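*Asks:* Okay, predicted coordinates and the sequence, questions at the end:
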Amino acid sequence: MDDRVYKELRNILFLDIETVACAPNYQELDERLKKEWNKKSRFLLNNDVMTPEELFNERAGIYSEYGKIVTIGLGSFHYNDNRELSLRVKDITNDDERQVLLDFKQLLDTKFDQRRLAFCAHNGKEFDYPYITRRMLINGVKLPYALNHAGKKPWEINHIDTMDLWKFGDRKSFTSLELLAALFKIESSKSDIDGSMVNQVYYQDRDLDKIAQYCKQDIVVTAQVFLRLKSLETVKPENIQVL
């Protein structure tokens, strides 16, 4: 691999978050938030099939105002001893969302040059990046440089989105990570869990480790898809380290 290409790749941090509702159920939601959720649910519901309570259990986790982050998956490229491109993947997971965000911020502040760092996520510009930023503000966590847009020019915000790369300017297109993985013949991260099941796995099954493993597999898929979108060879399975 060209050293200039590798220099670009090693400054990318692949990112994925798993989110759940901020309360186990609608009844335990803060009263002020409950009133606001009732207002929001009127716009979200196209019919009377679901109640605000049922809608909360199904969809609250995808909205940063009514959800919380339980896992942040992270991945980065490096060369192994044979100068082969390798991928290292880890997670930051905790029931305490503020601790997840503090640990993430500390990692960015101590391990990366944030002026050169680029994030990469699938649909990250509409979901992961704003969600993390909003939850940091809600939890009183100071924004790290790489996520703080204040005073920056658009070209100074290094946020890569694999869905945007696939669009090629087509504003109407929404393409799932799973579909891109299928098109590029990349092994799926969807085994016995998918994104729609995370809230249930967290609150009913109480299996946070299962969510973390799923998140890390999404990181692997995102990184492999990114390489294909750049017309590069994917990382060999034996060179993928999931911590």
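*Replies:* Arrived safely.
*Asks:* biggest strand in the chain by residues?
*Replies:* In the chain, with assignment by DSSP state E, the single longest strand is strand 67-79.
*Asks:* Please, where are all the helices along the protein?
*Replies:* Using DSSP state H, the helices of the chain run over residues 3-9, 31-44, 52-59, 97-111, 128-138, 162-167, 177-183, 198-203, 208-229.
*Asks:* List the contacts of the residue nearest to Asn139 when sequence neighbours are not counted.
*Replies:* Among residues not flanking Asn139 along the chain, Arg98 sits closest, at 4.3 Å (C-beta to C-beta, 6 or more residues apart in numbering). Yep, even glycine has a C-beta here, placed from its N, CA and C like the rest. Going by C-beta atoms under 8 Å, 6 or more residues apart in numbering, Arg98 touches 139-141.
*Asks:* Output the below-cut-off pLDDT ranges for this protein.
*Replies:* For the chain, the stretches flagged by pLDDT under 70 are 46-48, 189-191.
*Asks:* follow-up on the earlier one: if you rank the contacts of Arg98 by neighbours, which is first?
*Replies:* Tallying neighbours with other C-beta atoms under 10 Å puts Val141 at the head of the contacts of Arg98, with 19 neighbours.
*Asks:* got a list of what that one touches?
*Replies:* Val141 is in contact with 98, 101-102, 105, counting by C-beta under 8 Å, 6+ apart.
*Asks:* If you rank the residues you listed by neighbours, which is first?
*Replies:* So for the contacts of Val141 (other C-beta under 10 Å), the most neighbours sit at Leu101, 24 neighbours.
*Asks:* is it true that Leu74 touches Phe14?
*Replies:* Yes - if you go by C-beta atoms under 8 Å, Leu74 and Phe14 touch, sitting 6.8 Å apart.
*Asks:* Residues that sit against both of these two, list them.
*Replies:* In contact with both Leu74 and Phe14: 89, 219, using C-beta under 8 Å, 6+ apart.
*Asks:* For the two, indicate the residue with more neighbours.
*Replies:* More crowded of Leu74 and Phe14, by other C-beta under 10 Å: Phe14, with 27 against 21.
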